[in-house]
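# Below are the sequence and a predicted model; questions follow.
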Amino acid sequence: MSVMDISSGQRRARLAALRYDLYLLRKNVLSMAGLVVVVLLVLAAAVAPVLAPYPADAGTQVHMSQQLLPPSWAHLFGTDEMGRDIFSRVLYGARISLGIGVFTIGLALLIGVPLGLVAGYAGGVVDEVIMRVTDVFLSFPPLLLATAVSAMLGPSLVNAMIAIAIAWWPWYTRLIRGQAVSLRERGFVEAARATGVSHLTIVFRHILPNAVAPVIVQASMDFGSVILEAASLSFLGLGAQPPEPEWGLMVSLGRNFFLTDWWYVTFPGLAILITVLGFNLLGDGLREILDPKTREV
Amino acid sequence: MPPLLEVRGLKKYFPVRRTWWGGATSWLHAVDGVDLRIDAPGTTLGIAGESGCGKTTLGRVILRLLPATAGEIYFEGRDILKLNYQALRAVRRDMQIVFQDPYSALDPRITVRDIVAEPLRTHLHLGGRELDDQVAALLAEVGLDASHIYRFPHEFSGGQRQRVVIARALALHPKFLVLDEPTSALDVSVQAQILNLLKDLQARLGLSYLLISHDLSVVEHMADEVAVMYLGQIVERGPAAEILSHPWHPYAQALLSAVPVPDPGQRGREIVLEGNVPSAVDPPTGCRFYSRCPVRRPVCREKAPVLADGGGGHWVACHLAGHGT
């Protein structure tokens, strides 16, 4: 057998494994529903300019003659107090929400994962210091901490995302640290040390790839929560500022009209609900796939 | 020429209870003043002893995988405990380890090629064809087919995994290997294959082994010299044939009597030790074997015996050595 044959056989085996992953996902109706929601959300965000009937309404456009119209074929979700098409704004809001998720989770991972790796691998005093710092952060309710940081930085969407990431990273640090602590004692790490492989290489080549699975699951579930937190901050006026079509902000502005014009808060609110639910369901499914214990059927 | 490996007064204590500011209140004496030497290249020193006697810790400390508390470790005449990071890295090419558990010894996420290639990449900066050829040659050396090169560890049996572990250990042509219970996690049918592979490699490559095992039949099969360890200390050492046929120390006698013999007439000759192993956290002041020794005398509780040459390179640490049981 030549090396070429082997590697193509290897590729086939990996493909089969991937197909099995997809099978596991498909078999679970709820996580499949989560995947569908997430895919639809990404699609909506991607083609928002094409799909939205009034793309300009997501920006500064106002139509004072069309204030607060109920849902109709012209305006599927009705219009707001500026006469803007709520359907178009919700579609554009998907872009913002996805952006919030990616940026905030990414930032939290960027802070949390290296710290957790260092704490778990180095142990001793380094571990102690890093973990006590995370304890301090974890002792605040996340929304309260994010609110405080966001108020300190000044109200804007970017600051809200930074604030949430600051409240969020300790969870990843704890998760990764736990993994790193148990991996540090494994034979392959000792073998690498006995060979003289540098600590940095050991951490990135051997520890991180073996420690990352639970973090991926957690991050995918957190997507929903982070979007919800950003919406909460926007609702409180600490996040996105008008006229951005951010869902939380729309709910906040629409609550004044709740009793007379129900559609204004309902559709952005539903968008938040479905998105959060979708990511949570998908995360549950991912956990089942990545956990070897649930894999063995 | 200095001996290949010489260990003097090696100690390794682990802190057990810590106060809140991090100071230790008591210490576990895992290795407590051990002297060893491997003179000639191509020989095997067997360390025998029961679970928890510190033999695994000893192997780890000798390779500087764990920091030593006190003592000296000379490898080819240089004290490796005094080496800085760069010098230690160079010495690591000559010293490798084979682990007890081949399941945790291989990173499950990388292929056998990358596992065996890691030492070559780290020290020789090989890549491409040259690397592939070397990896294939190493796999052939341990009896694995080159077609296994792109497989992941979980696709192998325990014995095959141990072969991969050995191939990785051999990658840089070391002079000295610590074999930490190399077969105790394997099926009996595979144990002999791995042991014979190790013997074969030793004969061909002139390797020296420090063989750590609780299994005296493994030690007997492999070792030229034997040291018997009890509670962090060497209680008897000497040529393997001598120690395994005429042990002097009561602990070595008990250990040896527990080896099964294929002769029903010999049944019932085991020396069954009474009592428990004292805690290594606060070891007794006298002989550490006192609480379980079938031939103890009052002096044994007062004074710790020292390892002394009883003639013919047969060293023993017992006040009653030579008096028999």
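Great, that's in hand.
# For the strand or helix carrying B:Tyr251, list the C-alpha coordinates in CSV.
Element membership for B:Tyr251, per DSSP states H and E: helix B:250-257. What follows is helix B:250-257, C-alpha atoms only, in CSV (Å, rounded to 0.1, in the frame of the first residue of the first chain):
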residue,chain,number,x,y,z
PRO,B,250,12.9,-10.5,54.9
TYR,B,251,10.8,-8.3,52.7
ALA,B,252,12.6,-9.5,49.5
GLN,B,253,12.1,-13.0,50.8
ALA,B,254,8.4,-12.5,51.2
LEU,B,255,8.1,-10.8,47.8
LEU,B,256,9.9,-13.6,46.1
SER,B,257,7.9,-16.3,47.9
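# same question for that helix, mean pLDDT?
Averaged across helix B:250-257, the pLDDT comes to 88.
# excluding its backbone neighbours, what's nearest the residue of the stretch 51-200 of chain B found nearest chain A?
Closest approach between the stretch 51-200 of chain B and chain A, counting by Cβ to the nearest Cβ: B:Ala105, at 3.3 Å. In this view, the C-beta of every residue, glycine as well, is placed from N, C-alpha and C. Of all residues not flanking B:Ala105 in the chain, A:Gly187 sits nearest, at 3.3 Å (Cβ to Cβ, 6 or more residues apart in numbering or on different chains).
# chain center to the helix holding B:Tyr251, what's the gap?
19 Å (Cα atoms, centre = their mean, to the nearest Å).
# Would you mind measuring from A:His206 to chain B?
When distance is defined by Cβ to the nearest Cβ, to the nearest Å, A:His206 is 5 Å away from chain B.
# Just confirm that residue contacts A:Arg184, I think it does.
No: the criterion here is Cβ atoms under 8 Å, and A:His206 misses it with A:Arg184 at 9.6 Å.
# More neighbours: which of these two?
A:His206 (24 against 18; other Cβ atoms under 10 Å in any protein chain shown).
# pretty sure that one belongs to a strand, no?
No: A:His206: not assigned to a strand; according to DSSP: H, G, I helix; E, B strand; the rest coil it is helix.
# Close to chain A: what parts of chain B are there?
Within reach of chain A by Cβ under 8 Å from any Cβ of the partner chain, chain B has these residues: B:22, B:60, B:63, B:65, B:88-90, B:92-93, B:95-97, B:99, B:101-102, B:104-111, B:115, B:118-119, B:122-123, B:132, B:147, B:149-151, B:165, B:168-169, B:172.
# Quick check: the gap between the residue of the stretch 51-200 of chain B closest to chain A and B:Ile97.
According to Cβ to Cβ, to the nearest Å, B:Ala105 stands 9 Å off from B:Ile97.
# where do the contact lists of these two overlap?
Here B:Ala105 and B:Ile97 have A:Ala191 as joint contacts, going by Cβ atoms under 8 Å, 6 or more residues apart in numbering or on different chains.
# coming back round to it: how about the residue nearest to B:Ala105, what does it touch?
B:99, B:101-102, B:104-106, B:165.
# hey, where'd the strands end up in the stretch 51-200 of chain B?
B:70-75, B:78-79, B:95-98, B:176-180 (DSSP state E, counting those that start in this stretch).
# Just the closest residue of the stretch 151-297 of chain A to chain B, please.
A:Gly187 (3.3 Å).
# Next, work out how far apart that residue and A:Gly116 are.
Relative to A:Gly116, and taking Cβ to Cβ, A:Gly187 is found at 22 Å.
# for B:Ala280, same thing?
From B:Ala280 across to A:Gly116, the span is 33 Å (Cβ to Cβ).
# which of those two has more neighbours?
Using other Cβ under 10 Å, the more surrounded residue of B:Ala280 and A:Gly116 is A:Gly116, with 31 against 21.
# what ranges of the stretch 101-250 of chain A fall below the confidence cut-off?
Counting by pLDDT under 70, the stretch 101-250 of chain A shows no low-confidence range.
# Any residues of it in contact with chain B? List them.
Within the stretch 101-250 of chain A, the residues that sit near chain B (Cβ under 8 Å from any Cβ) are A:125, A:128, A:186-188, A:190-197, A:201, A:205-206, A:209-210.
# which SS state does A:Ser182 fall under?
On the three-state scheme (three-state DSSP), A:Ser182 is labelled helix.
# Low-confidence stretches in the stretch 201-325 of chain B?
In the predicted model, the stretch 201-325 of chain B carries pLDDT under 70 at residues B:266-269, B:322-325.
# Let me see the ranges of the strands in it.
B:208-213, B:225-230, B:233-239, B:308-309, B:315-316.
# what's the closest of these to A:Ile111?
For A:Ile111, the closest of the strands of the stretch 201-325 of chain B is strand B:208-213, at 42.5 Å, according to Cβ to Cβ.
# which residues are in contact with that closest one?
Contacts for strand B:208-213 (Cβ under 8 Å, 6+ apart): B:4-5, B:36, B:38, B:40-48, B:55-56, B:58-59, B:62, B:175-184, B:198, B:202, B:218-219, B:222-223.
# what do you get if the cut-off is 6 Å, keeping everything else the same?
Strand B:208-213 has contacts (Cβ atoms under 6 Å, 6 or more residues apart in numbering or on different chains) with B:4, B:38, B:41, B:43-47, B:55, B:59, B:176-181, B:219, B:222-223.
# The residues you listed in helices, which ones?
Using DSSP state H, B:55, B:59, B:219, B:222 are the members of these that sit in helices.
# how about the helices in the stretch 1-150 of chain A?
Secondary structure of the stretch 1-150 of chain A (DSSP state H, counting those that start in this stretch): helices located at A:3-27, A:29-46, A:48-51, A:86-122, A:124-138, A:142-153.
# so which of those is the most packed in?
Sort those by mean neighbour count, taking mean count of other Cβ atoms under 10 Å in any protein chain shown, and helix A:86-122 sits at the top with a mean of 22.
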